[in-house]
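K.L.:
pasted the sequence and its predicted model underneath.
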Amino acid sequence: GEDVEQSLFLSVREGDSSVINCTYTDSSSTYLYWYKQEPGAGLQLLTYIFSNMDMKQDQRLTVLLNKKDKHLSLRIADTQTGDSAIYFCAERNSGNTPLVFGKGTRLSVIA
Amino acid sequence: KAGVTQTPRYLIKTRGQQVTLSCSPISGHRSVSWYQQTPGQGLQFLFEYFSETQRNKGNFPGRFSGRQFSNSRSEMNVSTLELGDSALYLCASSRGQGNSPLHFGNGTRLTVT
């Protein structure tokens, strides 16, 4: 079945860029998403990208997609302490299929 | 626009009991999905309802069930609770067509003792 892999931890200094990586196995993945979860809260949709795109930029966030390697990354520019959270990568084949999530990457921002 | 609302926020139950969790989707959203989140297994898909019909189902035992009402509100039920059912249960809504992203509620934290 589909699988989504992420590294578990990332630590960066405030003001630096953070890059969170994700790999997936399903070559028919059409939609790929990034969610953020803060303590005690649900998942907040950050951004998403279609498989026919290579890059998407949204303010401080840049998503890069390498379809050949099935690799997705989320870059956060000028990382702030408020960005400390768990970031989840997710994928699905179509709008009618369930999202499959990675285990999440815990981002710690050091002041 | 109000977000996804889940009630209650916290629940403590005893093994063998049953529990019902509620989810009110964003206005206009016809799809409601349920996920179980645990530290060990991460986010696992339970089921999805679209226009009152179960459209997708995850790999959970029959003790886990759900339904959706005509106003798109959804409930999930867990019968004969086990200690391993302790988790954060997350509900998400979407328009359910095309690439309509899922929007999550804050979850119901269920503790089974």
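P.N.:
Received, thanks. A quick note: this is a predicted structure, and the numbers were derived from the prediction, not measured.
K.L.:
which residues in chain B form strands?
P.N.:
Remark: strands assigned in chain B by DSSP state E are B:5-7, B:10-13, B:19-24, B:31-38, B:42-50, B:53-57, B:64-68, B:74-78, B:87-94, B:103-104, B:108-112.
K.L.:
and for chain A?
P.N.:
So, for chain A - with DSSP E - the strands run A:4-6, A:9-13, A:18-24, A:31-37, A:43-50, A:55-58, A:61-66, A:71-76, A:85-92, A:100-101, A:105-110.
K.L.:
contact partners for residue 22?
P.N.:
Just so you know, I chose chain A. A:4-6, A:32, A:71-74, A:89, A:102 (CB atoms under 8 Å, 6 or more residues apart in numbering or on different chains). Heads up, the C-betas are built off the backbone N, CA and C, glycines and all.
K.L.:
nope, chain B
P.N.:
Counting by CB under 8 Å, 6+ apart, residue B:22 has contacts B:6-7, B:73-75.
K.L.:
quick one, phi/psi of residue A:15?
P.N.:
phi 100, psi -20 (degrees, to the nearest 10).
K.L.:
nearest residue to the middle of chain B?
P.N.:
The centroid of chain B falls nearest to residue B:34 when counting by CA atoms, centre = their mean (3.2 Å).
K.L.:
mean pLDDT added to the strands of chain B, as a markdown table?
P.N.:
A markdown table is the format used below for the strands of chain B (pLDDT from 0 to 100):
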| stretch | mean pLDDT |
| --- | --- |
| strand B:5-7 | 98 |
| strand B:10-13 | 98 |
| strand B:19-24 | 98 |
| strand B:31-38 | 97 |
| strand B:42-50 | 96 |
| strand B:53-57 | 96 |
| strand B:64-68 | 98 |
| strand B:74-78 | 98 |
| strand B:87-94 | 97 |
| strand B:103-104 | 96 |
| strand B:108-112 | 98 |
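K.L.:
around chain B, which positions in chain A sit nearby?
P.N.:
A:30-31, A:33, A:35, A:40-45, A:48, A:50, A:88, A:95-104 (CB under 8 Å from any CB of the partner chain).
K.L.:
including distance to residue B:59 and mean pLDDT, could the strands of chain A go into a markdown table?
P.N.:
Formatted as a markdown table, these follow (distance: least, CB to CB, whole Å; pLDDT from 0 to 100):
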| stretch | distance to residue B:59 | mean pLDDT |
| --- | --- | --- |
| strand A:4-6 | 16 | 95 |
| strand A:9-13 | 28 | 98 |
| strand A:18-24 | 19 | 97 |
| strand A:31-37 | 21 | 96 |
| strand A:43-50 | 21 | 95 |
| strand A:55-58 | 32 | 96 |
| strand A:61-66 | 28 | 97 |
| strand A:71-76 | 25 | 97 |
| strand A:85-92 | 16 | 96 |
| strand A:100-101 | 12 | 95 |
| strand A:105-110 | 25 | 97 |
